[in-house]
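J.: Sequence first, then the predicted structure, then my questions.
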Amino acid sequence: MRSLELGTPDGMRTWLNSLVLSGAKTTTTGLFREYAEQGEELEHVGERLALLDGLGRPVATVEITAVEVRPFGEVGWEHAAAEGEGDASLEEWRAGHRGYWQRLGSRVEDDTAVACLAFRLVDKP
């Protein structure tokens, strides 16, 4: 089983995982180019992933329910809001994600390809 590691392995991952476990977070967005850089295949509908904590330990299992690759500027509010991170608008979500990726050294423009994943929680160990 492949894994899903949200955010960075610090307090951010703990917070994001808590959102998944509570049911508030049912989507996530990643830079599509990172799949090639890491030699990973894109997730597929029906695939189950181990949700990992900051130490690489499984905290839950999620099942992918939708996968779309689209330009960052075309990600819609429904997907952004389902990330469950408390953004009040699509503009706030975009600014937050651009800032996050920029802190990690990646510049994101409206035409940057992103992978939009939707998932459901299927198991908590």
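T.: Looks like it came in fine.
J.: Do you have the strands of the protein handy? List them.
T.: Taking DSSP state E as the test, the strands found in the chain are 3-4, 27-31, 48-52, 58-71, 113-123.
J.: Dump the ones you listed into CSV; add mean neighbour count as well.
T.: For the C-beta atoms, the positions are set from N, CA and C on the backbone; glycine is no exception. As requested, the strands of the chain are exported to CSV (neighbours: other Cβ atoms under 10 Å):
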stretch, mean neighbour count
strand 3-4, 16
strand 27-31, 19
strand 48-52, 19
strand 58-71, 16
strand 113-123, 17
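J.: Columns distance to Ala95 and mean pLDDT on top of these, output as TSV?
T.: Output for the strands of the chain, formatted as TSV (distance: least, Cβ to Cβ, whole Å; pLDDT from 0 to 100):
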stretch	distance to Ala95	mean pLDDT
strand 3-4	24	96
strand 27-31	14	97
strand 48-52	26	98
strand 58-71	17	98
strand 113-123	15	97
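J.: For Ser89, which of those strands is the nearest?
T.: Comparing those by their distance to Ser89 (Cβ to Cβ), the top pick is strand 27-31, with 15.8 Å.
J.: Show me what the closest one is in contact with.
T.: Here strand 27-31 makes contact (Cβ atoms under 8 Å, 6 or more residues apart in numbering) with 4, 6, 75, 79-80, 82-84, 97, 101, 106, 108, 112-119.
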